[in-house]
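> Let me see the structure of the following:
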Amino acid sequence: MTSPGGTRVRLTQFAHGGGCACKIPPGELEDVLGGLTASTPAASGTRLLVGLATGDDAAVVALPARDGLPGQAVISTADFFTPVVDDPYDWGRIAAANALSDVYAMGGRPILAVNLLAWPRDVLPMDLAREVLRGGLDIAAEAHCPVGGGHSVDDPEPKYGMAVTGLADPDRLLRNDAGRPGTPLSLTKPLGLGVLNNRHKATGDRFEQAVATMVALNRDASAAALAAGAACATDVTGFGFLGHLHKLARASGVTAVVDTAAVPYLDGAREAVRDGYVSGGTRRNLEWVGPFTDFGRTDTGTRLLLADAQTSGGLLVAGEVPGAPVVGELVPRGPRSVVLR
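Model (predicted):
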């Protein structure tokens with residue numbers, strides 16, 4: 001993207017990390033959140049269905065049936081991050097799809113979003129911020145989700161995302177603690193987004209397959225999972241496939257066995273790992289899951305890809321989703337939460 005003065009602006013150069021790889025490491029985050037699971041009393045008639053305890057994708061409260069209307073589940077989430085690509089419009093689309101994904105990962109449909117924007121207004125042109133917001137608005141329109149404003153701050157580092165509210169049937173939620181032994185595991189998007197984005201940041205090379213994957217909504221995958229009778233799912237984002245799978249298995253009291261040969265990867269992902277384009281977030285993910293994972297004979301490159309910090313990744317579903325590869329299964333709890341074969 002070119003600034004009004006004619007200089008090419010590379011947004012990724014204004015961020016210390018890119019996309020969901022800029023998250024606080026999962027181990028540190030769990031230490032911070034330990035003991036903070038207590039919540040204030042709910043408003044009259046409401047009930048917290050999903051909170052902090054299981055580390056799920058969003059918070060959910062149940063509203064009771066009244067005036068002849070059925071009860072509903074209200075989903076609340078927020079997600080924002082630093083630039084993952086240089087193009088501001090694409091960054092806006094990716095960040096919006098990623099924020100909406102938390103609602104889809106819970107089995108809901110988004111009904112309202114508000115923008116969250118941090119911008120170094122004395123450094124980057126506001127025209128670029130407008131492009132970011134335009135990208136977010138277009139993805140929200142694709143999701144049939146109105147955007148009702150938002151909040152902005154002047155910040156040394158650009159950040160963008162959304163807070164999203166959704167609705168769901170309280171009896172048909174997708175939760176990360178509802179996995180049961182004997183259930184297959186499906187993955188709805190290929191891995192490798194993190195290493196390709198890191199290569200883009202380092203070289204400026206554009207990877208269309210990565211952008212197309214990140215801007216794709218998880219709406220259809222969520223609907224297909226519900227139609228197939230699934231009750232357990234999560235989306236694969238900053239903690240990587242292994243990190244999110246570990247959290248699902250831990251919350252469900254099961255072990256996940258992964259067929260590493262069945263896991264799909266984006267074109268160019270293995271080459272990016274080979275050439276060293278691995279983020280610090282991915283390496284921290286791998287270090288965190290190490291004590292909980294039986295890696296077997298899995299090679300180092302594959303381990304890094306399985307821990308790769310994804311941005312706007314797919315859904316990991318306990319159940320078979322039409323069109324998505326089955327990458328493993330849940331079995332009774334063993335000494336490790338994840339086993340690679």
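
> State the distance from the closest residue in space to T255 that isn't next to it in sequence to L340.
Closest residue to T255 apart from its sequence neighbours, by Cβ to Cβ, 6 or more residues apart in numbering: G334 at 4.4 Å. (Glycine included, C-beta is placed from N, CA and C.) Going from G334 to L340 by Cβ to Cβ, to the nearest Å gives 13 Å.

> Kindly report the same for A231.
As defined by Cβ to Cβ, A231 lies at a distance of 25 Å from L340.

> on that earlier part again, look at G334 and L340 and report which has more neighbours.
Remark: of G334 and L340, L340 carries more neighbours, 21 against 14, as counted by other Cβ atoms under 10 Å.

> Please name the residues that touch the more buried one.
L340 makes contacts with V258, T260, T293, D294, F295, G296, T298, L306, as judged by Cβ atoms under 8 Å, 6 or more residues apart in numbering.

> Please state the backbone phi and psi of it?
Phi and psi for L340, reported as degrees, to the nearest 10, are phi -100, psi 130.

> Same check on R134?
phi -60, psi -40.

> surely it meets Y89?
Yes - in terms of Cβ atoms under 8 Å, R134 counts as a neighbour of Y89; the distance is 6.1 Å.

> ok, these two, which is more surrounded?
More crowded of R134 and Y89, by other Cβ under 10 Å: Y89, with 18 against 13.

> Please name the nearest non-neighbouring residue to the more buried one.
Closest to Y89 by Cβ to Cβ, 6+ apart is G135, at 4.2 Å.

> That neighbour contacts W91, doesn't it?
Yes - using Cβ under 8 Å, G135 is in contact with W91, at 6.6 Å.

> between those two, who's got more neighbours?
Applying other Cβ under 10 Å to G135 and W91 shows that W91 carries more neighbours, namely 29 against 23.

> Give me the three-state assignment for the more buried one.
Here W91 is recorded as helix under DSSP: H, G, I helix; E, B strand; the rest coil.

> And for T300, the neighbour number?
By other Cβ under 10 Å, 10 other residues sit near T300.

> Can you tell me how far it is from V9?
Going from T300 to V9 by Cβ to Cβ gives 36 Å.

> Stretch 217-229: which residues count as buried?
Of the residues in stretch 217-229, L217, N218, R219, A221, S222, A224, A225, L226 count as buried by neighbour count, 16 or more other Cβ atoms under 10 Å.

> This completes my enquiry, with thanks.
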